[in-house]
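Participant: structure, please.
(4 chains)
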4 protein chains.
Amino acid sequence: MAFRTPIKVCFADIDNAGIVYYPRFLHYFHLAMEEFFAGALGIDYADVLHERNLSFPTVHVECDFRRRLRYGDHIDMEVRVLHLGRSSITWGYKGYRVGDPGEPVVEGANVTVCVKSDTFEKTDVPEWLRQGLENPR
Amino acid sequence: MAFRTPIKVCFADIDNAGIVYYPRFLHYFHLAMEEFFAGALGIDYADVLHERNLSFPTVHVECDFRRRLRYGDHIDMEVRVLHLGRSSITWGYKGYRVGDPGEPVVEGANVTVCVKSDTFEKTDVPEWLRQGLENPR
Amino acid sequence: MAFRTPIKVCFADIDNAGIVYYPRFLHYFHLAMEEFFAGALGIDYADVLHERNLSFPTVHVECDFRRRLRYGDHIDMEVRVLHLGRSSITWGYKGYRVGDPGEPVVEGANVTVCVKSDTFEKTDVPEWLRQGLENPR
Amino acid sequence: MAFRTPIKVCFADIDNAGIVYYPRFLHYFHLAMEEFFAGALGIDYADVLHERNLSFPTVHVECDFRRRLRYGDHIDMEVRVLHLGRSSITWGYKGYRVGDPGEPVVEGANVTVCVKSDTFEKTDVPEWLRQGLENPR
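Facilitator: Numbers count the residues shown, from 1 in each chain, chains lettered A, B, ... in the order given. Got it, this is the predicted structure:
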């Protein structure tokens, strides 16, 4: 079972073509990852950053945009861990339009590297996080 | 003479009503203040933050929006210091549509407080900055 | 009773001073107004824009920022109608930090003008909306 | 020769890890594409949208982030057309840190589909645009 979180397209997400500005989808991915930490791992991402001293800068992203989204659309964003390396995590995202559960409207993945927040020094994914990522709630 | 800097309305600044999303104008004010530091005071705002250890959080803002702006509009944003207190700076902004120099399309002001970047402790506006603000280039 | 809606400070709302970028608070006001339409008036703001052909551009805003907010903070944003004119609505906002219900951390108001979405022609606040604004759920 | 345009990392682009929020790089790509239209094709992108009735929604993007960028960094963003299909355009982007012209700090590509702005109906890349894309200034 993948983790899912609702995201609402807001008024400001729309661009001058009348649809969601495409970089916003990557913001939605990030929002969903933040929710994944709180909801599936039981720790606020803010605490990961500031108390556990871990950050996860993205080194690669790719994404397919299959349908245009408009203001008023609601997204059900699925997050899962696609690959867990020694110091990298590959996240997969599938966004479904609520009320239209067939094909995802957006689908992507990004690779993040685990670093220390204060120095940006690469570090191994710590054991507590590895266990959570392998067995999300 | 007030400092002026050009700002272009970009595709992503437009909201679902087809005009500039109003909070973006406050972002334009901030961009103009950043340019003021570089252009009128001769110091990058990034250096002020990180090397001089000063930040300027906003405690008050007010703004009148006189005309709708659209994608493709160019703004000439005027920045001036309206009031210089012991630890506060009040900034005034007037945005003119390029090619239409009459009434400003947007006009506002914000009050910033001078604090130390690392502790957010309130501090007096230092002499080097006070001199620059009183005599911008 | 004023309408209230929760808003979470997200990772991307933080600026290089480590606190919420102040224009984001006006975005929070807009998010809260969008929720007000859905929650207190029973109509999606997207439908107001596109089906009722009404938009509400802001002509004035003012705001006091009383406390710095950081990533991980949760806001309880109160929205109320301060004044209902013939074609204008003045909205008031008070944001409280969750778990800290005393003084609002941010407090502001904006004046919006009722216009037709397709022509931006000023129009009277229609009766169905006037009734809802005077008697929100 | 590829088209190049300068982009400044601004205060608000920074996230709570102290570096450019990664979705902002895709915004930088879009800004650079907007400048490409004006600078290399001689037509404002706003006019393409509104007067030529053409839009270019993105259907795919991928991007490698090779270095962290911070507030105060200046980027020299290169834009080129990687592939010109019947109704699709693949754009390539390489961002170099100014003063550090070696390896790009960010490198990506996106595929856009040519549609009519008013209906989102797919359409062939028109001849005037095809000629410009094949022979940018």
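
Participant: contacts and neighbour counts: CA atoms only from here.
Facilitator: OK.

Participant: which ones are touching A:P136?
Facilitator: A:P136 makes contact with A:A40, A:L41, according to Cα atoms under 8 Å, 6 or more residues apart in numbering or on different chains.

Participant: element containing it, please.
Facilitator: With elements delineated by DSSP states H and E, A:P136 resides in a region that no helix or strand encompasses.

Participant: measure it to chain C for me?
Facilitator: Using Cα to the nearest Cα, to the nearest Å, one gets 21 Å for the distance from A:P136 to chain C.

Participant: skipping its backbone neighbours, what lies nearest the residue of chain A found nearest chain D in space?
Facilitator: Of all residues in chain A, A:E62 sits closest to chain D, at 4.1 Å by Cα to the nearest Cα. For A:E62, ignoring the flanking residues on the chain, the nearest one in space by Cα to Cα, 6 or more residues apart in numbering or on different chains is D:E62 at 4.1 Å.

Participant: and the angle for the helix or strand where that neighbour lies with strand A:58-65?
Facilitator: For D:E62, the element it lies in under DSSP H and E is strand D:58-65. The directions of strand D:58-65 and strand A:58-65 differ by 170 degrees, with axes from the mean of the first three to the mean of the last three Cα atoms, to 10 degrees as the criterion.

Participant: could you list the residues in contact with strand D:58-65?
Facilitator: Under Cα under 8 Å, 6+ apart, the answer for strand D:58-65 is A:22, A:58-66, D:105-113.

Participant: hey, which helix is longest across chain A?
Facilitator: Longest helix of chain A, by residue count under DSSP state H: helix A:22-36.

Participant: what helices or strands is the next helix or strand after it leaning on?
Facilitator: Where DSSP H and E defines the elements, the next helix or strand beyond helix A:22-36 is helix A:45-50. Packing partners of helix A:45-50 (3 or more Cα pairs under 8 Å, 6 or more residues apart in numbering or on different chains; DSSP states H and E): strand A:54-55.

Participant: which helices and strands sit right next to the strand it packs on?
Facilitator: With contacts defined as 3+ Cα pairs under 8 Å, 6+ apart, the secondary structure elements packing on strand A:54-55 are helix A:45-50, strand A:115-116.

Participant: report the buried residues of the helix or strand following the shortest one.
Facilitator: This means strand A:115-116. Stepping forward along the backbone from strand A:115-116, the first helix or strand reached (DSSP H and E) is helix A:127-134. Neighbour counts using 16 or more other Cα atoms under 10 Å in any protein chain shown place A:R130, A:L133 of helix A:127-134 among the buried residues.

Participant: same check on stretch A:44-57?
Facilitator: For stretch A:44-57, a neighbour-count test (16+ other Cα under 10 Å) marks A:D44, A:Y45, A:A46, A:V48, A:L49, A:H50, A:L54, A:S55, A:F56, A:P57 as buried.

Participant: where does the prediction get shaky in chain A?
Facilitator: Across chain A, the ranges flagged by pLDDT under 70 are A:1.

Participant: list, one by one, the residues from it near chain C.
Facilitator: When proximity is defined as Cα under 8 Å from any Cα of the partner chain, chain A approaches chain C at A:C10, A:F11, A:L31, A:D44, A:Y45, A:A46, A:D47, A:Y71, A:G72.

Participant: and of these, the nearest to chain B?
Facilitator: Taking these together and measuring to chain B by Cα to the nearest Cα, the closest member is A:F11, at 5.8 Å.

Participant: correct me, but that closest one touches A:Y71?
Facilitator: Yes: with contact defined as Cα atoms under 8 Å, A:F11 and A:Y71 form a contacting pair (5.9 Å).

Participant: overlap of the contact sets of these two?
Facilitator: Residues touching both A:F11 and A:Y71 (Cα under 8 Å, 6+ apart) are B:N16, C:A46.

Participant: redo the buried residues of stretch A:44-57 as JSON lines? Include distance to A:P6.
Facilitator: Below are these laid out as JSON lines (distance: Cα to Cα, whole Å):
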{"residue": "A:D44", "distance to A:P6": "17"}
{"residue": "A:Y45", "distance to A:P6": "17"}
{"residue": "A:A46", "distance to A:P6": "20"}
{"residue": "A:V48", "distance to A:P6": "22"}
{"residue": "A:L49", "distance to A:P6": "23"}
{"residue": "A:H50", "distance to A:P6": "26"}
{"residue": "A:L54", "distance to A:P6": "26"}
{"residue": "A:S55", "distance to A:P6": "24"}
{"residue": "A:F56", "distance to A:P6": "22"}
{"residue": "A:P57", "distance to A:P6": "23"}
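
Participant: which two from those end up farthest apart in space?
Facilitator: Of all pairs drawn from the buried residues of stretch A:44-57, the one with the longest distance (Cα to Cα) is A:D44 and A:P57, at 16.8 Å.

Participant: please verify my assumption that A:F36 contacts A:F3.
Facilitator: Yes: between A:F36 and A:F3 a contact is recorded at 6.7 Å, counting by Cα under 8 Å.

Participant: what about A:C114, distance to chain C?
Facilitator: 17 Å.

Participant: so for that residue, what's the nearest residue that isn't a sequence neighbour?
Facilitator: Among residues not flanking A:C114 along the chain, A:F56 sits closest, at 4.9 Å (Cα to Cα, 6+ apart).

Participant: contacts only, for that neighbour.
Facilitator: With contact set as Cα under 8 Å, 6+ apart, A:F56 has these partners: A:T112, A:V113, A:C114, A:V115.

Participant: out of those, which are buried?
Facilitator: When the contacts of A:F56 are checked for burial by 16+ other Cα under 10 Å, the buried set is A:T112, A:V113, A:C114, A:V115.

Participant: distance of A:T5 relative to B:P126?
Facilitator: A:T5 sits 48 Å away from B:P126 when distances are taken as Cα to Cα, to the nearest Å.

Participant: more neighbours, those two?
Facilitator: More crowded of A:T5 and B:P126, by other Cα atoms under 10 Å in any protein chain shown: A:T5, with 16 against 13.

Participant: chain neighbours aside, what residue packs nearest to that one?
Facilitator: Taking Cα to Cα, 6+ apart, and ignoring the residues beside it in sequence, A:T5 has A:M77 as its nearest neighbour in space, at 5.3 Å.

Participant: now swap in A:I89 and tell me
Facilitator: The nearest residue in space to A:I89 (Cα to Cα, 6+ apart) is A:T112, at 5.3 Å.

Participant: and the one you found, that one's in a strand?
Facilitator: Yes: counting by DSSP: H, G, I helix; E, B strand; the rest coil, one finds A:T112 located in a strand.

Participant: who are the contact partners of A:F11?
Facilitator: With contact taken as Cα under 8 Å, 6+ apart, A:F11 is in contact with A:Y71, B:D15, B:N16, C:L31, C:A46.

Participant: and with 6 Å instead?
Facilitator: When the contact criterion is Cα atoms under 6 Å, 6 or more residues apart in numbering or on different chains, the partners of A:F11 are A:Y71, B:N16.

Participant: now do A:Y96
Facilitator: For A:Y96, the residues meeting the contact criterion (Cα under 6 Å, 6+ apart) are A:I75, A:D76, A:P104, A:V105.

Participant: among those residues, which are in strands?
Facilitator: A:I75, A:D76 (DSSP state E).

Participant: ranking the contacts of A:Y96 by neighbours, who comes first?
Facilitator: A:I75 (24 neighbours).

Participant: more neighbours: A:F36 and A:F3, which one.
Facilitator: A side-by-side neighbour count of A:F36 and A:F3, using other Cα under 10 Å, places A:F36 first with 25 against 18.

Participant: good, we can wrap up now.
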